[in-house]
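*Asks:* model this:
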Amino acid sequence: MVKAIYLIRRKPGMAVADFHRYWREVHGSIAARIPGMRRYVQCHAINGAEYDGAAEAWFDDMEAVRRAVASAEYGAARADEARFIDLDRTTLIFTEEVPIIA
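*Replies:* Numbers count the residues shown, from 1 in each chain. Have a look, this model is predicted:
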C-alpha cells in the first residue's frame, strides 16, 4: 500500500474558515472520484499550525498512482486545487506505512 501525503497551505488572502469549508464541501467530492484511490482523508489543522492541513490518499502501489494521475478525474482535482491551495507552498511525499501500534 502506498500513501500520498500532501501538506497544504491555503491561498494567500483566503480566510481560514473559507479554506476549510471549500476543501471539505467542494474539493472532497471532486478528489473522491479519482480512480484507484482506496482511501482519502482530509486532516484539517487546528490552532494555527504551519500548514492548514494534510490530505492522505491510499493506493495499492505506484502503478495505481500512475494510472490515477493520468485520469481525467485527477486532472479535475488538480484544477480545483488551484482555486484554494497555494500550490507553490504545498508539499507531497509518497510513503509506505510501518505500523507500530495497530
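
*Asks:* the helices in this protein, which residues?
*Replies:* With helices called from DSSP state H, the chain shows them at 16-22, 28-31, 62-69, 72-81.

*Asks:* so which of those helices gets nearest Asn47?
*Replies:* With Cβ to Cβ as the criterion, Asn47 lies closest to helix 16-22 of the helices of the chain, at 11.1 Å. No exception for glycine: its C-beta is placed from N, CA and C like everyone else's.

*Asks:* Quick one: distance of that closest one to the chain centre.
*Replies:* Put simply, helix 16-22 sits 15 Å off its chain's centre (Cα atoms, centre = their mean, to the nearest Å).

*Asks:* Could I get the buried residue list for it?
*Replies:* Under the neighbour-count criterion of 16 or more other Cβ atoms under 10 Å, helix 16-22 has Phe19, His20, Tyr22 buried.

*Asks:* measure the nearest residue to Arg10 once chain neighbours are set aside to Phe94 for me?
*Replies:* Leaving aside its chain neighbours, Arg10 sits nearest to Phe19 (3.8 Å; criterion: Cβ to Cβ, 6 or more residues apart in numbering). From Phe19 over to Phe94 the distance is 24 Å, taken as Cβ to Cβ, to the nearest Å.

*Asks:* want to throw the helices of the chain into TSV with distance to Gly48 and mean pLDDT?
*Replies:* Shown next, in TSV, are those (distance: least, Cβ to Cβ, whole Å; pLDDT from 0 to 100):
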stretch	distance to Gly48	mean pLDDT
helix 16-22	9	97
helix 28-31	23	97
helix 62-69	32	97
helix 72-81	22	97
